[in-house]
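Peer 1: Quick one, structure for this:
(chains A and B)
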Amino acid sequence: MSMERLSAWLAGAWVPLAVLVVWEAILVLRPSASELMARPSAIAQNFLAALGSDGFWIATMQTLGAAGWGALLAMVLALLLGLMIGLWPRFETLTAPLVGTLRPVPAVALIPLGILVFGFGAAMEILTVAFAVLWPALAIVVGAIRGLEPRLHEVARTLELSLWQRIRWIVWPQLVPRLILMLRLSLGVALVVAVTVEIAANPQGLGYGIVSAQQALQPAQAFAWLVWLGMLGVGINALLSLLERRLKAYA
Amino acid sequence: VLAAAFALWHVVAQSGWIPRLFFPEPAAVWAAMSAPSSRTRLLNDLVLTAGRMGAGFFSAGLLGIALGVWIGTSRTATRALGPTLEFLRILPASAVLPLFVMGLGMTTTMSVAVIAFGALWPVLLSTMQGVRSIEPRLIEVANTLELNGWQRLRWLILPAALPDMLAGLRVALAFSLILAVVAEMLTSLPGLGLWILKASRSFRSADLFAGIAVLGLMGLLTNTVLDAIERWARRWEPRSAGASL
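Peer 2: Now for the predicted structure:
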């Protein structure tokens, strides 16, 4: 690490460190608040203990699984619908009012419907995640196709390319660089929605873990799992940035 | 087309391919929305949800823009707070909900605080971004003109950061509605979120669809209002031809 980066890191680190120290000090001096708040040291202890427990890893896999499958489902659907909307004007006029009606519905409003139809569990969570991810993913696909140089379409017509050839040789090369953006955005949204579904209703995963810790008046555990969620978010983001750089290097 | 979709919905619901229990006819949903007794209750819940959402959103908007301008214009503050803010932004706002419940109880204050907390980050970070990406030459012009702090804010910083601020506010608005609904579901605060949850638990699917429809309309309406504000605030800019979905 160069000196410059070290100093930047220190500049960014002293504020959270100071907050943690003050937080710890306040709770040491006033232990009566400990039913509602946990000391940072207790949170850290709880976190380390959680790393060794099965329930913690099962919850993590449940959350990541629902987010991942939901995002995948939405991205495949967005790709199919996006290609149809982008390449087939009549399909667009046909679906525009439906998209306009469904898109503003907040995904969380579908949680009770999901419970009614599928009961609690993974299916309902995956579908809610997919509904939430679909719209931003669709916007990216359609945006990529709309962003095509109009002459390319003329070229395609002149060459009398079939629909499949148009997709393969004209649309696809434009789409690939956007796919990584779509993946990043989709997974970000998916993780948030999955946790939200678990907080609001679904008794599984990390979100439910936080709720049940709160209901059991275990603030240290609630904070520890929250910190883990943040770390997962940062980790996924870092992984995707790495992937993006790798792919850019090939392109 | 929408009429055709409604007709299809009606036919499918009538045919019973999908159990009626889950899937009411459009007429039943309309009845659930417009019958006098349920209409009053639905409107009542709508006002409760929208009130919390609005209160949280506005506090987040004001605080986010103020903090964003402050942090964005100060290099020291950016260096000191940037990494912390990035981490806090990644936390799903709904996940802090249980912690707020521990501190503030199952109250309206709690709900507004969570909404404000969740909606703060997109506004704050995009305002910071907008302030930091101001064309350096404009800053030189401001220096040459010897603008004071207030003039600088009014004529340079706010207009230049406006597009980013509006983008952040748009995300914040969506978050606000989501958090308002989730808070109601988790803590049984009266509102549309509780309305749909109760309807689902008692298998009243027409009421459930009515609640979802009202929430969708809320999303649509708030977005339209924000679109209008955006057009008004950016009215001097040349029209861009970029089409979006």
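
Peer 1: As a check, name the ranges of all helices in the chain.
Peer 2: I'll assume chain A. A:3-29, A:40-51, A:54-87, A:89-102, A:111-118, A:122-146, A:150-158, A:163-166, A:172-200, A:205-215, A:219-250 (DSSP state H).

Peer 1: that's the wrong chain, I wanted chain B
Peer 2: Under the criterion DSSP H, chain B contains helices at B:2-15, B:26-34, B:36-73, B:75-90, B:97-104, B:108-132, B:136-144, B:149-152, B:158-187, B:192-201, B:205-233.

Peer 1: how about these, which one is nearest residue A:197?
Peer 2: helix B:158-187 (9.0 Å; Cβ to Cβ). Bear in mind the C-beta positions are built from the backbone N, C-alpha and C, glycine included.

Peer 1: which residue sits closest to residue B:133 in space, ignoring its chain neighbours?
Peer 2: Of all residues not flanking residue B:133 in the chain, residue B:164 sits nearest, at 7.6 Å (Cβ to Cβ, 6 or more residues apart in numbering or on different chains).

Peer 1: That neighbour against residue B:129, yeah?
Peer 2: Yes: the pair residue B:164 / residue B:129 is scored as a contact, 5.3 Å apart, by Cβ atoms under 8 Å.

Peer 1: Which one's more surrounded, the two?
Peer 2: residue B:164 (21 against 16; other Cβ atoms under 10 Å in any protein chain shown).

Peer 1: Check what pLDDT that one gets.
Peer 2: At residue B:164, the predicted lDDT confidence score is 84.

Peer 1: before we move on, what about residue B:157?
Peer 2: 80.

Peer 1: What residues does it make contact with?
Peer 2: By Cβ atoms under 8 Å, 6 or more residues apart in numbering or on different chains, the contact list for residue B:157 reads B:69, B:73, B:131, B:134.

Peer 1: separation between it and residue B:220?
Peer 2: To residue B:220, residue B:157 is 32 Å away according to Cβ to Cβ, to the nearest Å.

Peer 1: Centre-most residue in the chain?
Peer 2: Defaulting to chain A. By Cα atoms, centre = their mean, the mean C-alpha position of chain A lies nearest to residue A:188, the distance being 2.3 Å.

Peer 1: Not quite, go with chain B.
Peer 2: Mean-position check on chain B, Cα atoms, centre = their mean. Result residue B:173 at 1.7 Å.

Peer 1: Settle this for me: it is touching residue B:57, isn't it.
Peer 2: Yes: the criterion here is Cβ under 8 Å, and residue B:173 meets it with residue B:57 at 6.1 Å.

Peer 1: Give the residues shared as contacts by the two.
Peer 2: Common contact partners of residue B:173 and residue B:57 (Cβ under 8 Å, 6+ apart): residue B:119.

Peer 1: outside of stretch B:220-227, which residues touch it?
Peer 2: With Cβ under 8 Å, 6+ apart as the test, stretch B:220-227 has contacts from A:100, A:104, B:166, B:169-170, B:173, B:177.

Peer 1: For those residues, point out the one with the lowest pLDDT.
Peer 2: Lowest confidence among these: residue A:100, with 78.

Peer 1: which ones are touching the residue of chain B positioned farthest from its centre?
Peer 2: Most distant from the centre of chain B: residue B:144, at 40.0 Å, with distances by Cα atoms, centre = their mean. By Cβ under 8 Å, 6+ apart, the contact set of residue B:144 is empty.

Peer 1: Would you confirm that residue A:148 contacts residue A:174?
Peer 2: Yes: between residue A:148 and residue A:174 there is a contact under Cβ under 8 Å: 5.7 Å.

Peer 1: Can you add distance to residue B:186 and give the contacts of stretch B:220-227 back as TSV?
Peer 2: Below are those laid out as TSV (distance: Cβ to Cβ, whole Å):
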residue	distance to residue B:186
A:100	30
A:104	23
B:166	30
B:169	25
B:170	25
B:173	21
B:177	15
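
Peer 1: What residues does the stretch 151-251 of chain A have near chain B?
Peer 2: A:191-192, A:195-196, A:199-201, A:206-207, A:210-211, A:213-215, A:217, A:219, A:222-223, A:226, A:229-230, A:233-234, A:237 (Cβ under 8 Å from any Cβ of the partner chain).

Peer 1: Report the buried members of those residues.
Peer 2: With neighbours counted by 16 or more other Cβ atoms under 10 Å in any protein chain shown, these contain buried members at A:191-192, A:195-196, A:199-201, A:206-207, A:210-211, A:213-214, A:219, A:222-223, A:226, A:229-230, A:233, A:237.

Peer 1: and the closest residue to residue A:187 other than its chain neighbours, what pLDDT?
Peer 2: Nearest in space to residue A:187, with sequence neighbours left out and distances taken as Cβ to Cβ, 6+ apart, is residue A:71 at 5.4 Å. Note on residue A:71: pLDDT of 92.

Peer 1: now residue A:71: how far from chain B?
Peer 2: As for residue A:71, its distance to chain B is 14 Å (criterion: Cβ to the nearest Cβ, to the nearest Å).

Peer 1: burial measure for that residue, as a count.
Peer 2: Counted with other Cβ under 10 Å, residues neighbouring residue A:71 total 28.

Peer 1: who touches stretch A:126-138?
Peer 2: Outside of stretch A:126-138, the residues within contact range by Cβ under 8 Å, 6+ apart are A:66-67, A:69-71, A:73-75, A:77-79, A:81-82, A:85, A:99, A:103, A:107-108, A:110-111, A:114, A:118, A:182, A:185-186, A:189-190, A:193-194, A:197, B:245.

Peer 1: That one: how far from the chain's middle?
Peer 2: 10 Å (Cα atoms, centre = their mean, to the nearest Å).

Peer 1: Stretch B:195-205 now?
Peer 2: Remark: stretch B:195-205 is offset 24 Å from the chain centroid, using Cα atoms, centre = their mean.

Peer 1: Looking at it now, give me its mean pLDDT.
Peer 2: Averaging pLDDT along stretch B:195-205 gives 82.

Peer 1: thinking again about what came up before, now do the residue nearest to the centre of chain B against residue B:61, distance only.
Peer 2: In terms of Cβ to Cβ, residue B:173 sits 9 Å off from residue B:61.

Peer 1: which neighbours do those two share?
Peer 2: residue B:119.

Peer 1: what sits against the closest residue in space to residue B:79 that isn't next to it in sequence?
Peer 2: With Cβ to Cβ, 6+ apart as the criterion, residue B:79 has its nearest non-adjacent residue at 4.2 Å, and that residue is residue A:11. With contact taken as Cβ under 8 Å, 6+ apart, residue A:11 is in contact with B:76, B:79-80.

Peer 1: Likewise for residue A:43?
Peer 2: Residue A:43 makes contact with A:220, A:223-224, A:227, according to Cβ under 8 Å, 6+ apart.

Peer 1: Excluding covalently adjacent residues, which one is nearest to it?
Peer 2: Leaving out its chain neighbours, the residue that sits closest to residue A:43 by Cβ to Cβ, 6+ apart is residue A:223, at 4.4 Å.

Peer 1: can you list the residues of the stretch 1-150 of chain A near chain B?
Peer 2: Residues of the stretch 1-150 of chain A lying close to chain B (Cβ under 8 Å from any Cβ) are A:8, A:11-16, A:36-37, A:93-94, A:96-102, A:104-113, A:115-117, A:138-139, A:142-143, A:146.
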